[in-house]
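[1] I'll drop the sequence and a predicted model, then ask my questions.
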Amino acid sequence: MTRSHGAWVRYQDPVTPDQVEFAIDHYRAAILQPWEQEVAARLKDARPDMTVLAYQCLSSTRDYEPGPIYTSGVCLEEAEESGEHWFAHRLDGSRIQWNGYGGHWQMATWEEEYQQRWCDNVGDLLEDSPFDGVMADNDVFDDYYGIDPPIEGGRTMADLREALGRLVPRAGRHLQEMGKLLVPNIAESRREPGRWERHAAYGGGFEEVWLAWGPDDHLDPQTALAQMAQLHGPGLTIVRVASDGTDDHPNFRYGLAAYWVFGGGEADAAYTATSHDGYSGTPFVPELDWDLGRPLEEPRQRGNGWSRRFADGFAAVNLNGGRRRSVRFPVPDGLADRDGRLVEGSVVLAPHEGIVLRKAR
């Protein structure tokens, strides 16, 4: 079977049988709701090489889930039975509900009891499960949800980061002992040297904001470059570029080109492009299934443009932000685009464009 480079981030609406069959043919990794046990089993049966992860939140509990399986490592009822100290509180003593995500309540991730229960519950979820591990969401760096520190005890975002910096390895070691993976959604790791390596050490890492915050809101070239080391682990790296949710959005191929140029096709990684929280579909471009072969060189720089030749193809990406900063790249002979058309001489890429070419057939 052709090696795929696609990631299926799929934790919203119920999965359909047609989507499962499509995923079997086209994806390297999948992240599913934790109750999608039958889907996970079908994927693993058909594709033992596919890494299939269950979604679990590190930092919140949700008050709208009926159970008995939950998206949070600690459910609301369990947290309330264990004591109010498992919830985070504002200085006035009120619980903290996330802005933009009604029914999500910030947990006291610094509490030792909470951390241990999270590990125990997730371990129980994975016991005798078809899932290879979990994608641990909301390994946050900054205040994305209106927590508005300082909160109880004068805690700041640095304190919350420190707490997650203890919870992640604790959970990672627990799951490793079970032969399972922990793949956190590691927010803005570029802002803290070594953060990606530390948090991805137990199975891999998920970068949900790779190259762009939104379909028209891109990272500057220096920030984008700071993310590229993520492609080389440790463990499995899953990267997602923001798009408008359509497969034709230019960010899809922009990110895929960067994936090839800086990952070299040799990294243990998987890639996707979706709209904001657009995790109900099967994003795909044919190039996701292409194999460009081994790299023939290191990434080659032309200003903020980068390219790389492979034994069976070529990839180029323009990280520039200015509208007029196009870059021309010489193209090796005998290569074709996704429509099978020969690309001769050179190609010009506008800012935030990328291209992947392969040997003409």
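    Structure's in. What do you need?
[2] Arg361: neighbour count?
    5 (other C-beta atoms under 10 Å). (C-beta placed from N, C-alpha, C; glycine too.)
[3] mind checking how far it is from Ala257?
    20 Å (C-beta to C-beta, to the nearest Å).
[4] how about the residue positioned nearest the centre of the chain, secondary structure?
    Compute the mean C-alpha point of the chain, and by C-alpha atoms, centre = their mean the closest residue is Phe206, 3.3 Å away. Here Phe206 is recorded as strand under DSSP: H, G, I helix; E, B strand; the rest coil.
[5] Identify the bridge partners of it.
    Asn185, Ile238 (DSSP bridges).
[6] Pull the contacting residues for it.
    By C-beta atoms under 8 Å, 6 or more residues apart in numbering, the contact set of Phe206 is 31, 135, 183-186, 237-240.
[7] could you redo those as a markdown table and give each row pLDDT, distance to Asn320 and neighbour count?
    Formatted as a markdown table, those follow (pLDDT from 0 to 100; distance: C-beta to C-beta, whole Å; neighbours: other C-beta atoms under 10 Å):
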| residue | pLDDT | distance to Asn320 | neighbour count |
| --- | --- | --- | --- |
| Ile31 | 98 | 31 | 26 |
| Met135 | 98 | 32 | 29 |
| Val183 | 98 | 31 | 29 |
| Pro184 | 98 | 31 | 27 |
| Asn185 | 98 | 28 | 22 |
| Ile186 | 98 | 26 | 27 |
| Thr237 | 98 | 25 | 28 |
| Ile238 | 98 | 26 | 27 |
| Val239 | 98 | 20 | 25 |
| Arg240 | 98 | 22 | 25 |
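[8] would CSV of the residues you listed with distance to Ala273 be doable?
    Formatted as CSV, the contacts of Phe206 follow (distance: C-beta to C-beta, whole Å):
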residue, distance to Ala273
Ile31, 15
Met135, 17
Val183, 19
Pro184, 21
Asn185, 16
Ile186, 19
Thr237, 15
Ile238, 12
Val239, 10
Arg240, 7
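[9] Mind picking the one among those that's closest to Tyr145?
    Of all the contacts of Phe206, Tyr145 sits closest to Asn185, with 13.5 Å by C-beta to C-beta.
[10] any idea how far Trp260 is from that closest one?
    23 Å.
[11] what is Gly305 paired to in the beta sheet?
    Here Gly305, judged by DSSP bridges, has bridge partners Arg302, Asn318.
[12] burial of it, as a residue count?
    Neighbour tally, Gly305, other C-beta under 10 Å: 24.
[13] Please name the residues that touch it.
    Counting by C-beta under 8 Å, 6+ apart, Gly305 touches 316-320, 327, 329, 349.
[14] go on, Leu43?
    When contacts are counted by C-beta under 8 Å, 6+ apart, Leu43 is found next to 20, 23-24, 30, 50, 52, 130.
[15] export stretch 181-193 as CSV, just CAs?
    Only the C-alpha atoms of stretch 181-193 are listed here, as CSV (Å, rounded to 0.1, in the frame of the first residue of the first chain):
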residue,chain,number,x,y,z
LEU,A,181,1.2,6.7,23.4
LEU,A,182,0.6,10.2,24.8
VAL,A,183,0.5,12.8,22.0
PRO,A,184,-0.3,16.3,23.5
ASN,A,185,-1.6,19.3,21.6
ILE,A,186,1.4,21.3,22.4
ALA,A,187,0.5,25.0,22.1
GLU,A,188,3.2,27.5,20.9
SER,A,189,6.1,25.4,21.8
ARG,A,190,8.4,27.7,19.8
ARG,A,191,8.1,30.2,22.6
GLU,A,192,9.8,28.0,25.2
PRO,A,193,13.1,26.3,24.2
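[16] follow-up on the earlier one: among the contacts of Leu43, which lie within helices?
    Cross-referencing these against helices under DSSP state H gives 20, 23-24.
[17] So which of these is the closest to Gly264?
    Set against Gly264, the nearest of the ones in helices among the contacts of Leu43 by C-beta to C-beta is Ala23 (24.9 Å).
[18] Now do the contacts for the closest residue to the closest one other than its chain neighbours.
    Counting by C-beta to C-beta, 6 or more residues apart in numbering, Trp8 is the residue found nearest to Ala23 once chain neighbours are left out, at 5.0 Å. Taking C-beta under 8 Å, 6+ apart, we find Trp8 in contact with 23, 27, 29-31, 272, 282.
[19] repeat that for 6 Å
    Shown in contact with Trp8 (C-beta atoms under 6 Å, 6 or more residues apart in numbering): 23, 27, 30.
[20] swap in Gly354?
    Residues counted as contacts of Gly354 (C-beta under 6 Å, 6+ apart) are 253-254, 257, 317.
[21] can you pick the most crowded of the contacts of Leu43?
    In terms of neighbours by other C-beta under 10 Å, the contacts of Leu43 top out with Ala30 at 31 neighbours.
[22] OK, contacts around that one?
    By C-beta under 6 Å, 6+ apart, the residues touching Ala30 are 8, 52.
[23] and if you look at Ser346?
    Neighbours of Ser346 in contact, by C-beta under 6 Å, 6+ apart: 328, 330-331.
[24] Buried ones among the residues you listed?
    Buried members of the contacts of Ser346, counted by 16 or more other C-beta atoms under 10 Å: Val331.
[25] Most neighbours among the contacts of Gly354, which one?
    Val317 leads these on contacts (other C-beta under 10 Å) with 31 neighbours.
[26] Now Ala88: closest residue in space that isn't a chain neighbour?
    In this structure, Ala88 finds its nearest non-sequential neighbour in Gln106, 4.2 Å apart by C-beta to C-beta, 6+ apart.
[27] How about Thr237?
    Leaving aside its sequence neighbours, Thr237 sits nearest to Ala269 (C-beta to C-beta, 6+ apart; 4.2 Å).
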